[in-house]
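Chemist: this one's structure only:
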């Protein structure tokens, strides 16, 4: 690099970088067009300079073809601008992304390569909200300030709410308790009518149960007084009461307690001594469970204490049973699996067994194991259904020798579709059964004659998908055969995509509206280690990858129920990004032309709000969020696909039509990108002038990417 123009020089002064090779640059596919050439940017005002004032800031040295313009930076798009006779080295931030949202958008720095960007700042300036960056949803989460964790925000921030945010026993959500001298419900009155007298809120006021049966109890007006080893999702905001259960007679029994709440998550524990969590005998819970069980095995006659916890005040039906003493199940791993008879239903009771087996579908309450043996190749279907409890069975199938997680053939939540494995060879297989909370379930293994796998059920030599064409798929006769880590359970299919040159690829898979599915982009091995990307959601599932090297690839689609759908691989030769700097293209008068499609990057962080949209959050100020604008002039009807994957905030795309800006809204042309994949539109547009308004939902702003595809209708 011999000398720098003002724009590039300023960029280097503004960024402090270390000397030497940048390891991030080694993690991306090289993006350059040619072999080697030094950067040589003419300085404005040089004698004889023919570089126009509005030339790109990424101009380099003289050239006659692309082969002379390799700047040695993997993340730049290098070409020769024939009109100026200068190299053009355009940085492409998309080539630097590490797929981690909360660490911010990585940057391609001219002359240096990939560098970390600013981490995502979720600060919205509201001192009454706690801001958190959530990697799983690739978004910011905002919760109202609630110091005591009782689920009711501070009244200083939300008038009329928690009047004492240091005391979880007081809030606007709490019932008024009679005669305790406290304004429990924060209405400014003390001990007013109506009020409640909760029972079971202390060891001196227990609910007494002296015989088996079903008993109604209530947590209305109670506080979270008793500690337990398991609980509801947010124990601090919960309520619990204690029930004293008498085991009569002289013989030991199994003490079983079912707790079923009305409209609330519930948990239950059994203690040997009231209020002493160290004497806990058993505890039952499950995320979101409204009916849970706890079992204390082989207890002697005496009094035991059931602690019932609800997430919100609720009426709870408590079912108490005294059963014949039993031992814990021993079928808890591959070596101890209980044999079962195919074609015969087996009752399974999941009561806190240990978790001994690693699984792609972990159970909240451990798992039990069962086995069956095949003397010849067979198709295998595994069914499970809940008999008691609000949880769902988690079922898995493991191949011999069943020694670790790599032996797991398939797993998933039990539902309308069984686990299905085609043409399993002879051998002994293990079925694992867990649950999201304690349940009783029926388990059945069904065998049938082996069938031949469809050609699209393997990645070895799958059918070909033609780029930019629609492929219809049918998963009704398919199994979960492809283990690329994208969609853990459900039938799938694979297709071969051949790329003759470096390409920008956008995959779009459509499923029925009520179905959930996934699309993934893989190397030919179709495994987790070589997967290029995955999108698992509703319809459409879409996944974009830029500058994919020439070669053969696999596209895998999967769904839950084995239905039909369509798949498209939209492919174009890799294009350089069009960079819209912050503060530019803020109005339609400054709109950047996107009529030929392309890949656009911008930043609304310093823009001003100009154009409100019809799908923004209610109550937004005039003009909505900061925005930037692209123009689209269609001389004939076209299909226009807009994909904002890679943007760093909750994006909003609004497409309008008309010769004057901002035009009139296009039907179904406004989309909020709440999920990790951001905004996505697939529109059939007639001839005319259109405006693409890139903005944010509820004031959102920041760096954005937009892939624009102009396709035949």
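Modeler: Yep, that arrived. Not measured: the values here are computed from a predicted model.

Chemist: just for the protein, where's the confidence low?
Modeler: Low-confidence segments of the chain (pLDDT under 70): 1-49.

Chemist: 50 instead?
Modeler: Counting by pLDDT under 50, the chain has low-confidence residues at 1-48.

Chemist: in terms of contact, does residue 202 touch residue 223 like I think?
Modeler: No: assessed by CB atoms under 8 Å, residue 202 is found out of contact with residue 223, at 9.9 Å. To be clear about C-beta, it is placed using only N, CA and C from the backbone, and glycine gets the same treatment.

Chemist: Looking at those two now, which is surrounded by more residues?
Modeler: Shown here are residue 202 and residue 223; by other CB atoms under 10 Å, residue 223 has more neighbours (21 against 16).

Chemist: which ones are touching the more buried one?
Modeler: 168, 169, 201, 239 (CB atoms under 8 Å, 6 or more residues apart in numbering).

Chemist: Turn those into CSV, columns for neighbour count and secondary structure.
Modeler: Shown next, in CSV, are the contacts of residue 223 (neighbours: other CB atoms under 10 Å; DSSP: H, G, I helix; E, B strand; the rest coil):
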residue, neighbour count, secondary structure
168, 21, coil
169, 17, coil
201, 21, coil
239, 27, strand
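
Chemist: now for the residues you listed, which pair is the farthest apart?
Modeler: Within the contacts of residue 223, two members stand farthest from each other by CB to CB: 168 and 201, at 13.7 Å.

Chemist: what's the burial count for the closest residue to residue 135 other than its chain neighbours?
Modeler: Distances taken as CB to CB, 6 or more residues apart in numbering place residue 102 nearest to residue 135, at 5.2 Å, with adjacent residues excluded. Other residues within reach of residue 102, judged by other CB under 10 Å, total 15.

Chemist: can you start the count at 37 instead of 1 from here on
Modeler: In the new count, where the first residue is 37, that last one comes out as residue 138.

Chemist: So residue 138, which state does it fall into?
Modeler: coil (DSSP: H, G, I helix; E, B strand; the rest coil).

Chemist: Help me confirm that it comes into contact with residue 156.
Modeler: Yes: if you go by CB under 8 Å, residue 138 and residue 156 touch, sitting 5.2 Å apart.

Chemist: Ramachandran angles for residue 734?
Modeler: Phi and psi for residue 734, reported as degrees, to the nearest 10, are phi 50, psi 50.

Chemist: wait, what's in contact with it?
Modeler: 652, 653, 656, 661, 686.

Chemist: Export those residues as CSV, with columns for secondary structure.
Modeler: CSV is the format used below for those (three-state DSSP):
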residue, secondary structure
652, coil
653, coil
656, coil
661, coil
686, coil
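
Chemist: Pull the most distant pair out of the residues you listed.
Modeler: Within the contacts of residue 734, 656 and 686 form the most distant pair, 13.0 Å apart (CB to CB).

Chemist: ok, the two, which is more surrounded?
Modeler: Set residue 656 next to residue 686 and count neighbours by other CB under 10 Å: residue 686 wins out with 23 against 15.

Chemist: From what I see, that one and residue 708 are in contact.
Modeler: Yes: in this structure, residue 686 is within contact of residue 708 by CB under 8 Å, at 6.8 Å.

Chemist: Look at residue 314 and give its secondary structure.
Modeler: Assignment for residue 314 (three-state DSSP): helix.

Chemist: count of residues packed around it?
Modeler: With other CB under 10 Å as criterion, residue 314 counts 9.

Chemist: how far away is it from residue 307?
Modeler: According to CB to CB, to the nearest Å, residue 314 and residue 307 sit 9 Å apart.

Chemist: same thing with residue 443?
Modeler: 39 Å.

Chemist: Which one's more surrounded, the two?
Modeler: More neighbours surround residue 307 than the other of residue 443 and residue 307, with 23 against 18 (other CB under 10 Å).

Chemist: Can you tell me who the more buried one pairs with across the strands?
Modeler: According to DSSP bridges, the residues that bridge with residue 307 are residue 316, residue 341.

Chemist: I figured it hits residue 338, correct?
Modeler: No: with contacts counted by CB under 8 Å, residue 307 stays clear of residue 338, the gap being 12.0 Å.

Chemist: got any residues that touch both of the two?
Modeler: When CB under 8 Å, 6+ apart defines a contact, no residue borders residue 307 and residue 338 alike.

Chemist: who touches both of residue 686 and residue 708?
Modeler: Among the neighbours of residue 686, those also in contact with residue 708 (CB under 8 Å, 6+ apart) are residue 733.

Chemist: in its sheet, what does the helix or strand containing residue 688 sit against?
Modeler: Applying DSSP states H and E as the criterion places residue 688 in strand 687-693. Here strand 687-693 has these sheet partners by DSSP bridges: strand 700-709 (antiparallel), strand 724-732 (antiparallel).

Chemist: Need the winner for burial among the ones you listed.
Modeler: Of those, the one with the most neighbours on average (mean count of other CB atoms under 10 Å) is strand 724-732, at a mean of 23.

Chemist: Between strand 687-693 and the helix or strand following that one, find me the angle.
Modeler: From strand 724-732 onward toward the C-terminus, using DSSP H and E, the following helix or strand is strand 739-747. When axes from the mean of the first three to the mean of the last three CA atoms, to 10 degrees is applied, the directions of strand 739-747 and strand 687-693 differ by 40 degrees.

Chemist: list the contacts for residue 668?
Modeler: By CB under 8 Å, 6+ apart, the contact list for residue 668 reads 630, 631, 676, 691, 721, 725, 726, 727, 728.

Chemist: Format these as TSV; extra columns: distance to residue 172.
Modeler: Formatted as TSV, the contacts of residue 668 follow (distance: CB to CB, whole Å):
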residue	distance to residue 172
630	32
631	37
676	31
691	30
721	35
725	40
726	35
727	34
728	29
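
Chemist: and which of those is nearest to residue 372?
Modeler: Closest approach to residue 372 among those (CB to CB): residue 676, at 59.6 Å.

Chemist: for that closest one, helix, strand, or coil?
Modeler: Once three-state DSSP is applied, residue 676 turns out strand.

Chemist: thinking it is in contact with residue 746, fair?
Modeler: Yes: contact criterion CB under 8 Å: residue 676 and residue 746 qualify, at 6.0 Å.

Chemist: So if I had to pick from those two, which one is more boxed in?
Modeler: Neighbours per residue, other CB under 10 Å: of residue 676 and residue 746, the larger number sits with residue 676, 23 against 17.

Chemist: give the contact list for that one.
Modeler: 668, 670, 691, 717, 718, 719, 721, 726, 744, 745, 746, 747.

Chemist: 10 Å instead, please
Modeler: Applying CB atoms under 10 Å, 6 or more residues apart in numbering, we find residue 676 in contact with 630, 633, 668, 670, 691, 702, 705, 717-721, 726, 728, 744-747, 749.

Chemist: For it, list each beta-bridge partner.
Modeler: According to DSSP bridges, beta-bridge pairing links residue 676 with residue 719, residue 746.

Chemist: Against residue 451, how distant is it?
Modeler: Per CB to CB, residue 676 is found 37 Å from residue 451.

Chemist: In the sheet, which strands lie alongside the strand or helix carrying residue 125, parallel or antiparallel?
Modeler: Per DSSP H and E, residue 125 falls inside strand 122-127. Strand 122-127 pairs in its sheet with strand 95-98 (antiparallel), strand 112-117 (antiparallel), by DSSP bridges.

Chemist: Now for residue 238 and residue 259: what residues contact both?
Modeler: In contact with both residue 238 and residue 259: residue 277, using CB under 10 Å, 6+ apart.

Chemist: Without its sequence neighbours, what residue ends up closest to residue 203?
Modeler: That would be residue 184: by CB to CB, 6+ apart, it lies 6.0 Å from residue 203.
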